[in-house]
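A.B. asks: A predicted structure for the sequence below; I have some questions about it.
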Amino acid sequence: MIKLAKKYALKQGKSLSGLVETYLIAITSETDNKDQVNPEIRKLMGSVKLPGDFDYKKSLSKAISKKYSK
């Protein structure tokens, strides 16, 4: 799963940790960084409440795995 995520990040010209860090900064920033976030992601921001024990790494790996296993 992580290999697929890293492959995606490489295609984007970034590291996986860089992609995750950029996303987390964008969603937690008090300043207006909306211009730096993909418009599709921007539509989703704030629309979902996740449980406190949500494991984003596991969820991301599962989603990427499904995308690249087709």
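C.D. replies: Looks like it arrived, so ask away.
A.B. asks: so where's the chain shaky on pLDDT?
C.D. replies: Scanning the chain for pLDDT under 70 picks out 1, 30-36, 70.
A.B. asks: any chance you could map the strands in it?
C.D. replies: Taking DSSP state E as the criterion, the chain carries no strands.
A.B. asks: where do the helices of it begin and end?
C.D. replies: Counting by DSSP state H, the chain has helices at residues 2-11, 16-28, 39-44, 56-68.
A.B. asks: now do the last one: which elements does it pack against?
C.D. replies: On a contact count with 3 or more Cβ pairs under 8 Å, 6 or more residues apart in numbering; DSSP states H and E, helix 56-68 meets helix 2-11. C-beta here means a position set from N, CA and C on the backbone, and glycine is covered the same way.
A.B. asks: buried set for the helix it packs on?
C.D. replies: 4-5, 9 (16 or more other Cβ atoms under 10 Å).
A.B. asks: for residue 53, phi and psi?
C.D. replies: Main-chain dihedrals, residue 53, degrees, to the nearest 10: phi -100, psi 20.
A.B. asks: surely residue 60 meets residue 4?
C.D. replies: No - counting by Cβ atoms under 8 Å, residue 60 sits too far from residue 4 to count as a contact (9.9 Å).
A.B. asks: quick check: neighbours shared by the two?
C.D. replies: Shared contacts of residue 60 and residue 4 (Cβ atoms under 8 Å, 6 or more residues apart in numbering): none.
A.B. asks: perfect, I'm done here.
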